[in-house]
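Asks: Got a predicted model here, sequence first, then my questions.
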Amino acid sequence: MKSIVLTRIDDRLIHGQVVTAWVKHVKGNRIIIVDDVLIKDLFIQQVLKMAAPSGIKVDVFSREAAIEDLEGNSNSDERIIILVKVPQVIEYLIDNGVDIKTLILGGMGARAGRQRFHKNISVDNDELECFKKLADKGVQVLIQIVPDERAIDINKLI
């Protein structure tokens, strides 16, 4: 298994906070975006790759391709950040052997069917149930927008 230094849910994926704060904080040098819809949108993939700082490799994978990549031979210099939009992707990765112990919940914006959960985070019923399942699997889910902000354990809010 490769070295995963950060797993984060943020529906904006690569943006200022990820690039300027989290990449530096965890000394990440590769970002893997796991999104079964985005894999079909080559234009947005290029935009996301251009948004990453120089020297940071960005890959966009389907769930299955991400598992295959993460199970591959480890490059000891690689420090991987996994970015997804929803918790169900993380549950799928874990259920298929990806070792994720901590999940940082960044931004999940308001949209139809979601209710405000905490500050800038909105969830629907399925997402909330998924967070409960992740906690039951031993995953520590923390709300933390930027690294220097105090993390909040999601279990205190559920």
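Replies: Received, thanks. Numbering: from 1, shown residues only.

Asks: excluding its backbone neighbours, what's nearest residue 113?
Replies: Counting by C-beta to C-beta, 6 or more residues apart in numbering, residue 113 lies nearest to residue 124, which is 4.7 Å off, once chain neighbours are set aside. Any C-beta I mention is one placed from the backbone N, CA and C, and that applies to glycine too.

Asks: Need the phi and psi values for the one you found.
Replies: Backbone torsions of residue 124, given as degrees, to the nearest 10, read phi -100, psi 180.

Asks: And it, how close does it get to residue 109?
Replies: 12 Å (C-beta to C-beta, to the nearest Å).

Asks: got it, and residue 6?
Replies: Distance from residue 6 to residue 109, by C-beta to C-beta: 20 Å.

Asks: who's more crowded, the two?
Replies: Between residue 6 and residue 109, counting by other C-beta atoms under 10 Å, residue 6 is the more crowded of the two (21 against 12).

Asks: isn't there a helix covering the more buried one?
Replies: No - assignment of residue 6 by DSSP: H, G, I helix; E, B strand; the rest coil gives strand, placing it outside any helix.

Asks: mind checking the SS state of residue 32?
Replies: strand.

Asks: Pass me the low-pLDDT residue ranges in this structure, would you?
Replies: 1 (pLDDT under 70).

Asks: which residues in it form strands?
Replies: Secondary structure of the chain (DSSP state E): strands at 4-10, 30-34, 57-61, 80-84, 102-107, 115-118, 121-123, 140-143, 152-153.

Asks: Same list, those, but as CSV with distance to residue 44 please.
Replies: Compiled in CSV, these are given as follows (distance: least, C-beta to C-beta, whole Å):
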stretch, distance to residue 44
strand 4-10, 15
strand 30-34, 10
strand 57-61, 9
strand 80-84, 13
strand 102-107, 17
strand 115-118, 26
strand 121-123, 22
strand 140-143, 26
strand 152-153, 30
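
Asks: what's the closest of these to residue 131?
Replies: strand 140-143 (5.7 Å; C-beta to C-beta).
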